[in-house]
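> Requesting a structural model of the entry that follows:
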Amino acid sequence: MRRAHTLMELLVVLTLLVLAAGIAAPKFLSGWASAQLNSAASSIRNDLAFARTRAIASGVRHQVLMDRQRGAVVVQPFRPEEVIQQTSVQGSDLPVLDDELPEQVRIVEWTVEPFGYAGLGSAQQIDVLTFYAEGRSDSALVVLEGPDGEQRGIELNGFTGEISELNEAQLRERSGSPIGGRR
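Modelled structure (predicted):
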C-alpha cells in the first residue's frame, strides 16, 4: 500500500492548478466588474424610487443630488418656502439618504431636464433632480461606468415616473439625443 505522493506528482498537480487559475482569473475579474456595475445601477434605481415614494408619502418635495467626486447619491427634503424666507428649520436639510456607489464605479453623466421643459430644445438643464408630492418629477439620465469601461444608464421619465435601465447598446443608440429619446 502506497502512503505518500512523489515530489514530481505534487509539482504536476500544482502546475495544473496555477494554469487553471491563470485561465479563470480574467473571466472572474471581468464578472466581478460587471457585477459591481449592475449593483450600482440597481442601487441608483432604488434610490430614485425611494425619493419618489418619500415625496408622495410625506407630501414634501425631495431632491436627488449626485456627488461625482465621492460617487454618492444624496436624497433630501426640499421646502422652497424655507429657501424663500431664508430661514432654516433645524434638521430640515439633513439628507434622508446618502448612498455611496462602489469605488470602482464612476458617474460619467448626470443630466436633469426640469419638469415642463420636455421637448423644448432651449431648456436649461440643471444638476438637481426634484420629485414632487404629486408623483411627478424632473426627467433624468445617469450613466455609470465600471473599471473595464462598460457602461449602464438609468433613465427616469418624469411624467410617468418610470425608471428604466439602459445597456451599452441603448446608450450608443441615444448618444446625442435628449432625455427620453426625443430628437
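> Quickly note the distance from the nearest residue to T111 once chain neighbours are set aside to Q151.
Sequence neighbours aside, L141 is the residue nearest to T111 in space, at 4.7 Å (criterion: CB to CB, 6 or more residues apart in numbering). The way it works is simple: take the backbone N, C-alpha and C, and place the C-beta from them, glycine included. Distance of L141 to Q151, computed by CB to CB, to the nearest Å: 12 Å.
> picking that back up, my read is the residue nearest to T111 is in a strand, agree?
Yes. Counting by DSSP: H, G, I helix; E, B strand; the rest coil, L141 falls inside a strand.
> residues in contact with it?
E109, W110, T111, G153, I154, E155, L156, I179 (CB atoms under 8 Å, 6 or more residues apart in numbering).
> Just the CA atoms of stretch 44-51, as CSV, please.
The C-alpha trace of stretch 44-51 is given here as CSV (Å, rounded to 0.1, in the frame of the first residue of the first chain):
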residue,chain,number,x,y,z
ILE,A,44,-29.4,54.2,-8.1
ARG,A,45,-32.6,52.8,-9.5
ASN,A,46,-33.7,52.0,-5.9
ASP,A,47,-32.6,55.4,-4.7
LEU,A,48,-34.7,57.2,-7.3
ALA,A,49,-37.7,55.1,-6.5
PHE,A,50,-37.2,55.8,-2.8
ALA,A,51,-37.1,59.6,-3.4
